[in-house]
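Participant: what's the 3D shape of this:
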Amino acid sequence: MDDQAPKRRKEDQPSRRLRKGMYILPSLFTTLNIAAGYYAILQITHATVAEPWHLDNAAKAIGFAVLFDGLDGRIARMTKTSSDFGRELDSLADVITFGLAPALLAWMWGFRLLPSLSNAELHTKLLQLGAISSFLFLIAGTSRLARFNITVNPQPSNPGRPGKKYFVGMPIPASAGVVAAMVHFSDGEPVSSWWMALTWLLVVVALAYLMVSTWRFYSFKEIDLRSRQPFRLIGLRLRHTRRLPRLHEFSFETGPRLSC
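Facilitator: Numbers count the residues shown, from 1 in each chain. Okay, here's the model as predicted:
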């Protein structure tokens, strides 16, 4: 019996090493997420009116980070390697990449590089309000992550909303993606008028509100990429969610309740 025990332990070693390696795989994508956020911040600091393409590079980096953020969680679930360390690392990465980086990008693109206006006082006020709105975006995103981390039961309180199919509040990667998309589609060219800066101010504040609101957003977690028709299911869900909410289903506490 004693001679067979070491053999069994040696036979178990390859599987244990493979298991440890599988735990590292999701963390690698989370590390790529952090790297993309760091790169975006570096590009933002180098941006000027003469070189706005740095802002476009930052927006692209945030877009890739959204992809990495979706992959690390999905890989962890597929390989059954979810851990407390991975969840905490992912949350800290999201604060950097989807909180700080897009907040700086929103401020630099919409307010800091705004050309000097004839009314110097208005220009100063827009800079100040832009800094405040960008901070609101950052603190709302951080609060959204904190609320998600401490949620024991993800089941929404209103009926007809199955547990993990919906997020409570707009996810921070989606909000960061909106900021990055706006900058990217303008090729990084900063806002050039006071009314555009004011509109951008309202957009940033609205994104901050949606993150801390109790509105329900479809999570797409029920989509099985291994299925033969995952994109058909996505199309059906998107077509279904475009239906307008009925007046009697609107609640100021939970937002419009789309019928499922």
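
Participant: Hmm, Val178 is touching Leu207, no?
Facilitator: Yes. Between Val178 and Leu207 there is a contact under Cβ atoms under 8 Å: 6.0 Å. The way it works is simple: take the backbone N, C-alpha and C, and place the C-beta from them, glycine included.

Participant: neighbour-wise, which of the two wins?
Facilitator: Set Val178 next to Leu207 and count neighbours by other Cβ atoms under 10 Å: Leu207 wins out with 23 against 18.

Participant: residues contacting that one?
Facilitator: Residues counted as contacts of Leu207 (Cβ atoms under 8 Å, 6 or more residues apart in numbering) are 137, 140, 170, 175, 178-179.

Participant: could you flag which of these are buried?
Facilitator: 137, 140, 170, 175, 178-179 (16 or more other Cβ atoms under 10 Å).

Participant: Nearest to Met196 among those?
Facilitator: Nearest to Met196 among those, counting by Cβ to Cβ, is Val179 at 14.8 Å.

Participant: all helices in the stretch 1-150 of the chain, in order from the N-terminus.
Facilitator: All helices of the stretch 1-150 of the chain, identified by DSSP state H, counting those that start in this stretch, fall at 4-46, 53-79, 84-94, 101-107, 120-150.

Participant: What average pLDDT does stretch 40-54 get?
Facilitator: The average pLDDT for stretch 40-54 rounds to 95.

Participant: Put the alpha carbons of that stretch into CSV.
Facilitator: Provided in CSV are the C-alpha atoms of stretch 40-54 (Å, rounded to 0.1, in the frame of the first residue of the first chain):
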residue,chain,number,x,y,z
ALA,A,40,-5.8,54.9,-22.5
ILE,A,41,-4.8,57.2,-19.7
LEU,A,42,-1.4,57.7,-21.2
GLN,A,43,-2.9,58.6,-24.6
ILE,A,44,-5.3,61.1,-22.9
THR,A,45,-2.4,62.9,-21.2
HIS,A,46,-0.6,63.3,-24.6
ALA,A,47,-3.7,64.7,-26.4
THR,A,48,-3.7,68.2,-27.7
VAL,A,49,-5.8,70.2,-30.2
ALA,A,50,-3.1,69.6,-32.8
GLU,A,51,-2.9,65.9,-32.1
PRO,A,52,-6.5,64.7,-31.3
TRP,A,53,-5.7,61.2,-32.5
HIS,A,54,-4.4,60.4,-29.1
